[in-house]
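Chemist: With the input below, show me the fold.
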Amino acid sequence: MLTGNGILHDQIWALKGKLSVSSSRGHGSFSVDWQQRGDAFEIGLSGTLGLGLARISGTRDGARLEMSGERPVFAEDVDELVHRVLELDIPVRPLQYWVRGQPAPGPFEPMTNGWRQD
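Modeler: Numbers count the residues shown, from 1 in each chain. The predicted model follows:
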């Protein structure tokens, strides 16, 4: 079923939870608040005691990452943006499918310095 603006109802969802990340640089966990509406997304990451870490927003055309006291950073690819700015290897694009129990479209290939989704 479509909403009034042509977005399918299954393309509108929200997720709140914890994300644990481990790499050769260290490990940590973050609270995640993810809002998805069609291709548009907004993801809030916060650390220990709810301290704000980052807000990531965008569409399939690009992403913006904002951190308190810092200038926003833009990139065409959200996974590359998170890796470059936060130094975290989080596969954001395929994760939006995995959290709903769906396979991500296209081939998926883990890499030694991150993730690759073609």
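Chemist: what's Ile56 in contact with, if anything?
Modeler: By CB atoms under 8 Å, 6 or more residues apart in numbering, the residues touching Ile56 are 41-45, 63-66, 78, 81-82, 92. (Glycine included, C-beta is placed from N, CA and C.)
Chemist: Pick the one among those residues closest to Ser20.
Modeler: Leu45 (12.2 Å; CB to CB).
Chemist: just checking, which of the contacts of Ile56 belong to strands?
Modeler: 41-45, 63-66 (DSSP state E).
Chemist: Can you select the buried ones from these in ChimeraX?
Modeler: Only the buried entries of these go into this ChimeraX selection, using 16 or more other CB atoms under 10 Å:
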select :41,43,44,45,63,65,66
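Chemist: want to throw the ones in strands among the contacts of Ile56 into a markdown table with pLDDT and distance to Ala14?
Modeler: What follows is the ones in strands among the contacts of Ile56, written out as a markdown table (pLDDT from 0 to 100; distance: CB to CB, whole Å):
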| residue | pLDDT | distance to Ala14 |
| --- | --- | --- |
| Phe41 | 94 | 10 |
| Glu42 | 96 | 10 |
| Ile43 | 94 | 11 |
| Gly44 | 93 | 11 |
| Leu45 | 90 | 15 |
| Ala63 | 96 | 18 |
| Arg64 | 96 | 19 |
| Leu65 | 95 | 20 |
| Glu66 | 94 | 19 |
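Chemist: re earlier: save the contacts of Ile56 as JSON lines, and put in distance to His27 too.
Modeler: What follows is the contacts of Ile56, written out as JSON lines (distance: CB to CB, whole Å):
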{"residue": "Phe41", "distance to His27": "25"}
{"residue": "Glu42", "distance to His27": "25"}
{"residue": "Ile43", "distance to His27": "20"}
{"residue": "Gly44", "distance to His27": "20"}
{"residue": "Leu45", "distance to His27": "15"}
{"residue": "Ala63", "distance to His27": "24"}
{"residue": "Arg64", "distance to His27": "26"}
{"residue": "Leu65", "distance to His27": "21"}
{"residue": "Glu66", "distance to His27": "24"}
{"residue": "Val78", "distance to His27": "22"}
{"residue": "Leu81", "distance to His27": "21"}
{"residue": "Val82", "distance to His27": "16"}
{"residue": "Val92", "distance to His27": "18"}
